[in-house]
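K.L.:
Here's a sequence, model it:
(2 chains)
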Amino acid sequence: MNQFEAKVSIRLRPSVLDPAGEAIKSAACKLGIDGINSLRIGKLIEVNLEAKEEKEAKEKIELLCDRLFANKVIENFDYDLKEVNE
Amino acid sequence: MSNFTVGIVVFPGSNCDRDMFWALEGCLGIKTKFIWHESSDISGVDSIVLPGGFSYGDYLRCGAVARFSPLINSLDDFVKTGRRVIGICNGFQILTESGFLPGALTTNKNLDFICNDCELEIITSKGSWFNSSNNKINLPIAHGEGRYFCDEDTFKELSDNDLIALRYLSNPNGSSYDIAGVINKEGNVLGLMPHPERACDSTIGGNDGLFTLKSLIEFS
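P.N.:
Modelled structure (predicted):
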């Protein structure tokens, strides 16, 4: 078995309001940083997993994203997957 | 109907299960049974309540982890027999996460945890969950992540099939189309953010919740 690392990003769909992002945007403006057009908060999930090959690792991650990590009614996901040397 | 038993599901983090017990047994005299979420045996109950609370600490998303419990896995067959299921607050979140009801619940528009009474309009008579002689009822809400979200296509499907159960008269949390509760196409699954079990005694906040809980055992 080979080891893989995945970094999964979960984001609210663009059509879904992100009130927490709006609050942070407001704080960023209070910090004196101007020019912030939008600020949205997502989630980062790091997974280390075993698989025979990259294809299998990808299938596992996609299933996880699809069924657990993201709710596709309100969220999108993408991920980076790489094999890690022991 | 005297042997009719309502199962109240208990998840780690449920906190309205005892309120539901009080409302069903204390106010309505309906027999109840607590069911731990690890159990997949729900053959002994005639209808099921998924109570409010914070199952699994609301980790990841509200209801996202609870949907993988053995009990939720066996809920599909239960629902297919036509038996009734109500999900309140966190229970509603679990029902949307597990696909029993359309849409999703997410953070309130104003980020506040809102604990207040709400005036609600009864939209559908399908499923007989609400007293059709009233247009409006008052029920309390208590949530931080109760903003119902659905896209236009889903809204059209909900409207065309008469699946919107309740609408807020004054939208407190930014819910799409003011939606406070929905039902499934068969009408035997109801999910709502307001808490009928907290409105079962006129001395402590009204009794507009009684009809809905009673309809777990008596409906037409």
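K.L.:
all strands of chain B, in order?
P.N.:
B:5-10, B:31-36, B:47-50, B:84-88, B:104-106, B:114-122, B:136-143, B:147-149, B:164-168, B:179-183, B:189-192 (DSSP state E).
K.L.:
burial count for residue 39?
P.N.:
Assuming you mean chain A. Counted with other CB atoms under 10 Å in any protein chain shown, the neighbours of residue A:39 add up to 16. In this view, the C-beta of every residue, glycine as well, is placed from N, C-alpha and C.
K.L.:
that answer is for a different chain, and I need it for chain B
P.N.:
Other residues close to residue B:39 by other CB under 10 Å number 15.
K.L.:
Give me the pLDDT value at it.
P.N.:
Turning to residue B:39, the model gives it a pLDDT of 93.
K.L.:
Next: residue B:172.
P.N.:
97.
K.L.:
and it, how many neighbours?
P.N.:
Residue B:172 has 21 nearby residues by other CB under 10 Å.
K.L.:
In this structure residue B:3 contacts residue B:44, no?
P.N.:
No: counting by CB atoms under 8 Å, residue B:3 stays clear of residue B:44, with 10.5 Å between them.
K.L.:
between the two, who's got more neighbours?
P.N.:
The neighbour comparison of residue B:3 against residue B:44 (other CB under 10 Å) goes to residue B:44, with 9 against 6.
K.L.:
quick one, what contacts the more buried one?
P.N.:
B:5, B:7, B:33 (CB atoms under 8 Å, 6 or more residues apart in numbering or on different chains).
K.L.:
Find the nearest non-adjacent residue to the second one, please.
P.N.:
Counting by CB to CB, 6 or more residues apart in numbering or on different chains, residue B:45 is the residue found nearest to residue B:7 once chain neighbours are left out, at 3.4 Å.
K.L.:
what's the distance between the closest residue to residue B:36 other than its chain neighbours and residue B:109?
P.N.:
Leaving aside its sequence neighbours, residue B:36 sits nearest to residue B:10 (CB to CB, 6+ apart; 5.6 Å). Applying CB to CB, to the nearest Å, the value for residue B:10 to residue B:109 is 31 Å.
K.L.:
The chain: helices as residue ranges?
P.N.:
This is for chain A. All helices of chain A, identified by DSSP state H, fall at A:19-30, A:54-64.
K.L.:
ah, I was thinking of chain B
P.N.:
With DSSP H as the criterion, chain B has helices spanning B:17-21, B:70-80, B:90-97, B:152-160, B:210-214.
K.L.:
Of the ones you listed, give the one that comes closest to residue B:146.
P.N.:
helix B:90-97 (8.2 Å; CB to CB).
K.L.:
May I ask which helix or strand of chain A has the lowest mean pLDDT?
P.N.:
helix A:19-30 (a mean of 94; mean pLDDT, DSSP states H and E).
K.L.:
Now that one: buried residues?
P.N.:
A:19, A:21, A:22, A:25 (16 or more other CB atoms under 10 Å in any protein chain shown).
K.L.:
How about stretch B:170-180?
P.N.:
For stretch B:170-180, a neighbour-count test (16+ other CB under 10 Å) marks B:171, B:172, B:173, B:174, B:175, B:176, B:177, B:178, B:179, B:180 as buried.
K.L.:
so what's the second one up against?
P.N.:
Spelled out, it's residue B:172. Counted by CB under 8 Å, 6+ apart, residue B:172 has contacts B:108, B:114, B:116, B:118, B:141.
K.L.:
Same check on the last one?
P.N.:
Counting by CB under 8 Å, 6+ apart, residue B:180 touches B:118, B:120, B:141, B:148, B:165, B:166, B:167, B:168, B:192, B:193, B:194.
K.L.:
Closest to residue A:74 out of those?
P.N.:
Proximity of the contacts of residue B:180 to residue A:74 (CB to CB) peaks at residue B:148, which lies at 10.6 Å.
K.L.:
Not counting sequence-adjacent ones, nearest residue to the closest one?
P.N.:
The nearest residue in space to residue B:148 (CB to CB, 6+ apart) is residue B:175, at 4.0 Å.
K.L.:
How about residue A:52?
P.N.:
residue A:1 (6.3 Å).
K.L.:
That neighbour and chain B, how far apart?
P.N.:
25 Å (CB to the nearest CB, to the nearest Å).
K.L.:
How confident was the prediction at that residue?
P.N.:
Per the predicted model, pLDDT is 90 at residue A:1.
K.L.:
If anything else comes up later, I'll come back, but that's it for now.
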